[in-house]
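Trainee: from the sequence below, what's the structure:
(one chain, ligands or ions: 1)
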Amino acid sequence: MSIKIAFTGTGYIARIHARAAQALAGVELVAVVNHRPDSMRDFAQAFGIKRQYATLEALLSDGDVDAVSINTPNYLHAPQTIAALEAGVHVMVEKPMAMNAQEAQQMFTASEKSGARLLVAHCWRFDEEVQWLKEKIERIGPIIRTKSYGVHVNWGPGGWFTQKEFAGGGALADMGIHALDTVRYLLGDPQPESVYARIGAYYQASDVDDTGVIIVNWQGGATSYVESGWWQPHSDGPEAGAQLYGKSGFASLFPTYLSLPDRRTGEVETIDPGFPHPRAEHCPQAMYDRQMAYFIRCICDERTPVPGGGEGLLNMKILDAAYESAKAPIAPGGNVVAI
Ligand SMILES: NC(=O)c1ccc[n+]([C@@H]2O[C@H](COP(=O)([O-])OP(=O)(O)OC[C@H]3O[C@@H](n4cnc5c(N)ncnc54)[C@H](O)[C@@H]3O)[C@@H](O)[C@H]2O)c1
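Mentor: Residues are numbered from 1 along each chain as shown. Here you go, the predicted model:
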């Protein structure tokens, strides 16, 4: 079976996904969509793509495409995803899934009505160190609390990322969502019960956030503390990491290991898989290669991808609740937003 794939957007992440698709047998890179002809031509040349379109609608009306990888600014995720799904075209859409939960709900509904698949690119689920932890995580269970972060130190993006009308949110929507989704995945995708957050812009003049602290209470009793940031003066390690505290032990992501204390003897067993720390590249191509291979497998096997519309929507609900919580002034007993 051969899958014909197209790309919307020709920026940073589109190139990574195009490389991933190019490396897969049975996948043909057939089209690219961008309103900027120069950028589109360069991209098409780099990946041997023949068809170029100024709009997704023009591509969809031409047809002869099975799947699309959506790599545009966040405000275009919902309209492009829904248009493709309604045309029966499979979609892999970048995170954050949408500008807000309302849009994400519309995308999820469109995916349920369509015969086509929807994958929301919460890429850390495809990282080899996250997957190693996922296999072993039961050994520290049940998990009581997690700490995770996604931050840029002395750096932050510019352009549309910092404009609310194009991005929806700032560092929380860009970086915090990775830290949130990674622990939710490791916790076994529990449902959230409530959120408390403090979010603001302190390091840049912008209408989106550059600093966030979020506490999520999950059904089943675990609590997650998530930090997001751009332009931060410090980070606890590389640009992202997580710690999980269970009744039977501790798990760390970046550096990645398990620590299993024996309360009777006081001895601690460390299970270290030997991944280099820090690793050469924080966001390696291999992670995106696995994600693309999984997307294509889901199409061929007619399976619903996970992370799909449901996971993406739930993350957007948590983000919406966090922004709502942060709007309210600090008040005793207040600011906790139920989901
Ligand atoms: N998962 C990850 O690791 C990761 C990393 C970076 C970015 N992202 C996400 O990917 C998306 C894109 O980010 P980026 O860093 O590649 O941004 P970018 O600014 O480098 O690229 C955006 C692209 O969209 C194009 N574009 C704008 N309007 C368009 C339109 N109407 N039709 C078609 N193309 C249009 C731009 O010309 C540009 O080529 C964002 O949602 C971002 O959050 C994810």
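Trainee: my guess is Ala98 contacts Ala110. True?
Mentor: No - using CB atoms under 8 Å as the test, Ala98 is too far from Ala110 to be in contact (11.5 Å). (C-beta placed from N, C-alpha, C; glycine too.)
Trainee: what residues does the stretch 151-300 of the chain have near the ligand?
Mentor: By CB under 6 Å from any ligand atom, the residues of the stretch 151-300 of the chain that approach the ligand are Asp174, Cys283.
Trainee: Ala98 and Ala110: which has the busier surroundings?
Mentor: The residue with more neighbours, out of Ala98 and Ala110 and counting by other CB atoms under 10 Å, is Ala98; that gives 29 against 20.
Trainee: report the contact partners of that one.
Mentor: Residues near Ala98 by CB atoms under 8 Å, 6 or more residues apart in numbering: Asn74, His77, Ala78, Ala104, Met107, Gly168, Gly312, Met316.
Trainee: switch those over to a markdown table; also include neighbour count.
Mentor: Below are those laid out as a markdown table (neighbours: other CB atoms under 10 Å):
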| residue | neighbour count |
| --- | --- |
| Asn74 | 24 |
| His77 | 27 |
| Ala78 | 22 |
| Ala104 | 28 |
| Met107 | 26 |
| Gly168 | 25 |
| Gly312 | 29 |
| Met316 | 28 |
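Trainee: among those, which are in helices?
Mentor: Residues of the contacts of Ala98 located in helices (DSSP state H): His77, Ala78, Ala104, Met107, Gly312, Met316.
Trainee: what about the residue nearest to Trp230 when sequence neighbours are not counted, how many residues nearby?
Mentor: Nearest residue to Trp230, sequence neighbours excluded (CB to CB, 6 or more residues apart in numbering): Gly156, at 3.1 Å. Look at Gly156: counted by other CB under 10 Å, it has 21 neighbours.
Trainee: so who does Gly156 touch?
Mentor: Going by CB under 8 Å, 6+ apart, Gly156 touches Thr162, Ala171, Tyr203, Gln204, Asp210, Trp230, Trp231.
Trainee: next one, pLDDT for Leu244 please.
Mentor: The per-residue pLDDT reported for Leu244 equals 98.
Trainee: re the thing from before, I'd like the contacts of Ala98 laid out as CSV, including distance to Ile5.
Mentor: Shown next, in CSV, are these (distance: CB to CB, whole Å):
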residue, distance to Ile5
Asn74, 21
His77, 17
Ala78, 20
Ala104, 23
Met107, 19
Gly168, 26
Gly312, 20
Met316, 25
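Trainee: Lys4 contacts Glu28, doesn't it?
Mentor: Yes - with contact defined as CB under 8 Å, Lys4 counts as touching Glu28 (5.0 Å).
Trainee: lowest-pLDDT helix or strand in the chain?
Mentor: strand 337-338 (a mean of 85; mean pLDDT, DSSP states H and E).
Trainee: partner strands of that strand, with direction?
Mentor: The pairing partners recorded for strand 337-338 under DSSP bridges are strand 192-200 (antiparallel).
Trainee: tell me the domain ranges of this structure?
Mentor: 3-122+287-306, 125-281+318-327 (automatic domain parsing).
Trainee: quick one: closest of the ones you listed to Ile339.
Mentor: Nearest to Ile339, of all the domains of the chain, is domain 125-281+318-327, at 4.7 Å by CB to CB.
Trainee: just to revisit the earlier point, tell me which of the contacts of Gly156 fall in strands.
Mentor: Residues of those located in strands (DSSP state E): Trp230, Trp231.
Trainee: quick check, Ala328 in contact with Ala321.
Mentor: No - with contact defined as CB under 8 Å, Ala328 does not reach Ala321; the gap is 11.6 Å.
Trainee: please list all residues in contact with the residue in the stretch 1-150 of the chain that the ligand sits nearest to.
Mentor: Nearest residue of the stretch 1-150 of the chain to the ligand (CB to the nearest ligand atom) works out as Gly11 at 2.0 Å. Going by CB under 8 Å, 6+ apart, Gly11 touches Ser39, Asn71.
Trainee: distance of it from Ile140?
Mentor: Distance from Gly11 to Ile140, counting by CB to CB, to the nearest Å: 39 Å.
Trainee: can you give me the strands in the stretch 151-300 of the chain?
Mentor: 192-200, 211-218, 223-232, 240-246, 250-253, 257-261, 268-271 (DSSP state E, counting those that start in this stretch).
Trainee: deepest of the ones you listed, which one?
Mentor: Comparing those by mean neighbour count (mean count of other CB atoms under 10 Å), strand 223-232 ranks first with a mean of 24.
Trainee: with adjacent residues omitted, what lies nearest to whatever residue of the stretch 201-339 of the chain ends up closest to the ligand?
Mentor: Closest residue of the stretch 201-339 of the chain to the ligand, CB to the nearest ligand atom: Cys283 (5.4 Å). Nearest non-adjacent residue to Cys283, counting by CB to CB, 6+ apart: Cys123, 7.7 Å away.
Trainee: which residues are in contact with the one you found?
Mentor: By CB under 8 Å, 6+ apart, the neighbours of Cys123 are Lys95, His178, Cys283, Met287, Tyr288, Gln291.
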